[in-house]
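In: When you get a sec, could you give me coordinates for this:
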Amino acid sequence: MTSSFHEMWEELRPLGRDSSSGGYRRFAWTGADTDCRAWFRAQAEARGLAYELDRNGNQWAWLGVTGHQDVAPGEAVVTGSHLDSVPDGGAFDGPLGVVSSFAALDELRGRGAEPTRPLAIVNFGDEEGARFGLACVGSRLSAGALTAEAAHRLRDGDGVTLPQAMERAGHDPEAIGPDPERLATIGAFVELHVEQGRALDLSGDPVGIASAIWPHGRWRFDFRGEANHAGTTRLEDRRDPMLSYAATVLAAREQARLTGALATFGKVSVEPNGVNAIPSLVRGWLDARAAGQDTLDTVITGIERAAAERAARDGVDLDVVRESFTPVVEFQHALRDELGALLGKKSERPVPVLGTGAGHDAGILSAIVPTAMLFVRNPTGVSHSPAEAAAEDDCVAGVTALADVLEGLACR
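Out: Numbers count the residues shown, from 1 in each chain. Coordinates of the predicted model:
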């Protein structure tokens with residue numbers, strides 16, 4: 001098992017890696033994404049698994065059946081994650097779950113375990129939303145949480161639409177849409193992921209179980225002012241949207257501090273984007289998350305109020321658009337407790353259960369099928385950065401834990 005994990009990790013490591021930053025740029029429907037998809041298919045075929053590419057570009061590898069059409073409703077046990085990344089992201093977010101899934105299957109075979117239920121590994125497409133601005137596109141489409149019409153309107157920073165990108169990559173964009181028959185086969189979906197935080201590092205545990213995903217969303221703030229010459233326009237005569245935007249960034253930080261939430265303006269677009277020009281438009285994207293819906297509502301209301309007040313003071317027009325939203329996800333208690341029992345058999349103490357502010361495909365699928373998550377310790381807590389890390393021993397512990405779970409769920 002250990003050797004297969006390392007071999008896969010070393011094969012995948014260079015794909016989509018930027019030499020200047022050391023981070024990854026595995027964006028949906030790009031060359032790097034194609035390379036990652038080819039890697040997934042090669043791993044499936046090397047193990048004699050039945051490979052499928054679904055209507056939304058998600059990849060599946062099946063053990064014991066020739067495809068989802070051979071699986072009765074609720075019979076399959078599925079694991080996996082995603083292979084795409086945020087801009088200059090780390091190596092572990094997503095890929096650790098996919099590599100660990102194949103390694104866990106190798107571990108099961110090494111134990112001589114014989115699955116009595118169909119078992120599948122999945123790579124969901126465009127989980128991070130780095131290119132088109134919406135997270136979990138592949139799983140949202142399959143679950144019917146994103147309509148085909150809405151997906152067709154998605155554009156990247158260069159104006160390329162999602163259908164155009166898919167078509168250029170050899171996938172039929174007209175086929176995208178809900179996939180209820182395939183999802184109906186899933187009796188349990190377990191996603192392993194590197195922890196995006198330090199709870200496990202602080203508790204001293206290599207592996208944990210997810211309890212819930214905080215409600216979270218993305219909002220776009222458009223501040224429209226008046227372009228003018230930076231060297232000739234009096235300060236009193238300016239309608240500068242950059243001032244409104246900057247004040248809103250500070251307001252978001254203050255609202256998050258006061259409520260114990262998280263609020264981040266991590267992406268900004270400026271027009272005309274000239275050093276000697278007062279902007280006509282500053283467009284900023286807010287990511288906000290909180291432990292509860294009421295808290296999140298309070299944060300967003302406070303940020304919008306502060307933005308409107310500052311925009312009025314600066315003579316700037318403001319539009320706020322909610323681009324995506326995911327309500328709180330409470331993972332099914334029965335499956336979560338079953339994972340705890342399975343892992344507890346080989347542990348000297350209970351496996352910790354922890355919440356997370358990060359969204360995942362498991363959260364999207366939870367509205368339709370029983371889902372659960374395993375977290376692997378991240379010693380720094382850093383994620384979405386080249387500094388993201390996980391120790392070798394912890395990665396191996398994660399594979400073992402996932403194998404234990406799959407054996408308990410699929411090899412009865």
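In: which residue sits closest to N58, ignoring its sequence neighbours?
Out: Of all residues not flanking N58 in the chain, G138 sits nearest, at 4.6 Å (Cβ to Cβ, 6 or more residues apart in numbering). The way it works is simple: take the backbone N, C-alpha and C, and place the C-beta from them, glycine included.
In: That neighbour: neighbouring residues, count only.
Out: 26 (other Cβ atoms under 10 Å).
In: quick one: it from R253, how far?
Out: 32 Å (Cβ to Cβ, to the nearest Å).
In: same thing with H384?
Out: Distance from H384 to R253, by Cβ to Cβ: 18 Å.
In: who has more neighbours, these two?
Out: It is H384, of H384 and R253, that has more neighbours when counted by other Cβ under 10 Å, with 19 against 14.
In: list the contacts for that one?
Out: V86, G89, G90, D93, Q196 (Cβ atoms under 8 Å, 6 or more residues apart in numbering).
In: same thing but at 10 Å, please
Out: 23, 85-90, 93, 128, 130, 196, 266, 358 (Cβ atoms under 10 Å, 6 or more residues apart in numbering).
In: Sort out for me which of those are in helices.
Out: The helices in this structure, assigned by DSSP state H, contain none of those.
In: re earlier: is the residue nearest to N58 located within a strand, as I assumed?
Out: No. G138 sits outside any strand when classified using DSSP: H, G, I helix; E, B strand; the rest coil, being helix.
In: Which residues are in contact with it?
Out: 28, 54, 56-59, 82, 84, 122-127, 146, 176, 179, 361, 364.
In: Repeat the analysis, applying 7 Å as the threshold.
Out: The neighbourhood of G138, defined by Cβ atoms under 7 Å, 6 or more residues apart in numbering, consists of N56, G57, N58, F124, G125, D126, E127.
In: ditto for S324
Out: Taking Cβ under 7 Å, 6+ apart, one finds L134, A135, G217, R218 in contact with S324.
In: Most neighbours among those residues, which one is it?
Out: A135 (26 neighbours).
In: Quick check, A261 in contact with V299.
Out: Yes. Using Cβ atoms under 7 Å, A261 is in contact with V299, at 4.7 Å.
In: need the strands for the stretch 151-300 of the chain, in chain order.
Out: When assigned using DSSP state E, counting those that start in this stretch, the strands of the stretch 151-300 of the chain occupy the ranges 186-194, 207-213, 216-224, 228-229, 262-271, 277-278, 281-289.
In: Would you mind finding the most buried of these?
Out: Across the strands of the stretch 151-300 of the chain, the average number of neighbours (mean count of other Cβ atoms under 10 Å) peaks for strand 186-194, which reaches a mean of 25.
In: Which strands or helices does that one pack on?
Out: Strand 186-194 sits against strand 76-82, helix 95-111, helix 361-365, strand 371-376, helix 392-410, with contacts defined as 3 or more Cβ pairs under 7 Å, 6 or more residues apart in numbering; DSSP states H and E.
In: now it and strand 207-213, what's the angle there?
Out: Interaxial angle, strand 186-194 versus strand 207-213 (axes from the mean of the first three to the mean of the last three Cα atoms, to 10 degrees): 110 degrees.
In: which other residues reach strand 186-194?
Out: Strand 186-194 has contacts (Cβ under 7 Å, 6+ apart) with 74-81, 92-93, 96-97, 100, 335, 360-362, 365, 369-376, 378, 388, 390, 398, 402, 405, 409.
In: List only those of the residues you listed flagged as buried.
Out: Among the contacts of strand 186-194, those classed as buried by 16 or more other Cβ atoms under 10 Å are 75-81, 92-93, 96-97, 100, 335, 360-362, 365, 369-376, 378, 388, 390, 398, 402, 405, 409.
In: Which helix or which strand is home to L343?
Out: L343 is part of helix 333-344 when elements are defined by DSSP states H and E.
In: what separates the residue nearest to N58 from V369, distance-wise?
Out: Distance from G138 to V369, by Cβ to Cβ: 15 Å.
In: what's the answer for G225, then?
Out: Distance, G225 to V369, by Cβ to Cβ: 47 Å.
In: how close does P279 sit to P272?
Out: Taken as Cβ to Cβ, the span from P279 to P272 is 7 Å.
In: overlap in contacts of these two?
Out: Looking at what touches both P279 and P272 (by Cβ under 7 Å, 6+ apart), the common residues are A227.
In: between the two, who's got more neighbours?
Out: Between P279 and P272, counting by other Cβ under 10 Å, P279 is the more crowded of the two (26 against 10).
In: Any figure for the gap between the more buried one and F325?
Out: 28 Å.
In: Equivalent analysis for S244, please.
Out: In terms of Cβ to Cβ, S244 sits 24 Å off from F325.
In: same deal with T264?
Out: In terms of Cβ to Cβ, T264 sits 16 Å off from F325.
In: Show me the domain layout of the chain.
Out: 2-214+328-410, 216-326 (automatic domain parsing).
In: Deepest-packed of these, please.
Out: Comparing these by mean count of other Cβ under 10 Å gives domain 2-214+328-410 as most buried, with a mean of 20.
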